[in-house]
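Q: quick one, what's the 3D model for this:
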Amino acid sequence: MNGFRLLFAALAIAHLAAQLVGAGTAATITQWLVMPALAALLWSATAAPRSRLVRFVLLALGFSWLGDSLPALFDGDTRFLSMVGLFLCAQVTYVVAFWPSRHRSVLRRPALAGYVLAFAVLLALCAPGAGGLLVPVVCYGLCLTLMAALATGVHPLTAVGGAVFFVSDGLIALDAFAGWYAPPVPGFWVMATYLAGQALIVAGVVSSTRSRPAPDGPHRWPRRSSGRGAAPDPGR
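A: Here you go, the predicted structure:
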């Protein structure tokens, strides 16, 4: 497992460095490799027979890898729409993966209001520029928000990962539809939050799996003793 952890970290650092210096070819190659490395880390960190949660998260990482790689075959709107479609598949898969933990999530708690508010603000900013893509944008945003909310029921690390993933996709939406998001090297910030979100989701899934005493037993959090593309194109 340590080998795959180091591989993922090395690829992530190399990709973000390539984003910063504008090395498009290096950014593209590392982006194609980083999700397989993360999936290999998850596989090596969990024992057979792997749980339903682990299997679906592996599938979501597979869709994420396709979203990172296949859009490079297209240009313009087709490139963007293919990326959105593949990441929608990833979000739906995450929702299915996290759904059994919904009773421990924020879905029935006041904290859900924060997720709803974040979605509402993002939609209000992006809707005027979405045009004919408004319906797909709303559908993706709802699925993304549901994924982030459900992630809170799996493990605290997964909860943070889901929120950071929301931020990453929110940055892409603001860049594509709001028109005012233009920090220096936008691809770096999109990919930094994307990679961090995915890594935290996986870390939480691994921790949740290890803390479960038996396949059919009640879930308990472990006790604590002390207490998204080439550099010039943010893509994913």
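Q: who's in contact with whichever strand or helix holds Trp65?
A: Secondary structure from DSSP states H and E places Trp65 in helix 52-69. When contacts are defined by Cβ atoms under 8 Å, 6 or more residues apart in numbering, helix 52-69 is touched by residues 31-32, 34-36, 38-39, 42-43, 46, 50, 83, 86-87, 89-91, 93-94, 96-98, 100-101, 154, 198, 201-202, 205, 208-209, 228-229, 236. For every residue, glycine as well, the C-beta is placed using N, CA and C.
Q: just the buried ones among these, please.
A: Using 16 or more other Cβ atoms under 10 Å as the burial test, those include 31-32, 34-36, 38-39, 42, 46, 83, 86-87, 89-91, 93-94, 96-98, 100-101, 154, 198, 201-202, 205, 208-209, 228-229, 236 as buried.
Q: which stretches of the protein form helices?
A: For the chain, the helices defined by DSSP state H cover 2-21, 24-45, 52-69, 76-98, 112-130, 134-151, 156-173, 186-211.
Q: and the third one with helix 134-151, angle?
A: Per axes from the mean of the first three to the mean of the last three Cα atoms, to 10 degrees, the angle that helix 52-69 makes with helix 134-151 is 140 degrees.
Q: show me the shaky parts of the chain.
A: 1, 180-182, 212-236 (pLDDT under 70).
Q: report how many residues lie close to Leu81.
A: Using other Cβ atoms under 10 Å, Leu81 is surrounded by 14 other residues.
Q: tell me how far the helix holding Trp65 is from the chain's mean position?
A: Between the centre of helix 52-69 and the centre of its chain there are 10 Å (Cα atoms, centre = their mean, to the nearest Å).
Q: what comes up buried for it?
A: In helix 52-69, counting by 16+ other Cβ under 10 Å, buried: 53-54, 56-69.
Q: CA atoms of that helix as PDB?
A: Written as PDB, here are the backbone C-alpha positions of helix 52-69 (Å, rounded to 0.1, in the frame of the first residue of the first chain):
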ATOM      1  CA  ARG A  52     -20.000  -2.900  -1.600                       C
ATOM      2  CA  LEU A  53     -18.700   0.500  -0.600                       C
ATOM      3  CA  VAL A  54     -15.200  -0.200  -1.900                       C
ATOM      4  CA  ARG A  55     -16.400  -1.700  -5.100                       C
ATOM      5  CA  PHE A  56     -18.600   1.200  -6.000                       C
ATOM      6  CA  VAL A  57     -15.900   3.700  -5.100                       C
ATOM      7  CA  LEU A  58     -13.500   1.900  -7.400                       C
ATOM      8  CA  LEU A  59     -16.100   2.200 -10.100                       C
ATOM      9  CA  ALA A  60     -16.500   5.900  -9.400                       C
ATOM     10  CA  LEU A  61     -12.700   6.300  -9.700                       C
ATOM     11  CA  GLY A  62     -12.900   4.500 -13.000                       C
ATOM     12  CA  PHE A  63     -15.500   7.000 -14.300                       C
ATOM     13  CA  SER A  64     -13.300   9.800 -13.000                       C
ATOM     14  CA  TRP A  65     -10.300   8.400 -14.900                       C
ATOM     15  CA  LEU A  66     -12.500   8.400 -18.100                       C
ATOM     16  CA  GLY A  67     -13.500  12.000 -17.400                       C
ATOM     17  CA  ASP A  68      -9.800  12.900 -17.000                       C
ATOM     18  CA  SER A  69      -8.700  11.200 -20.300                       C
END
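Q: roughly how far apart are the residue lying closest to Leu7 once chain neighbours are set aside and Cys143?
A: Closest residue to Leu7 apart from its sequence neighbours, by Cβ to Cβ, 6 or more residues apart in numbering: Ala37 at 4.8 Å. Ala37 sits at a distance of 25 Å from Cys143 (criterion: Cβ to Cβ, to the nearest Å).
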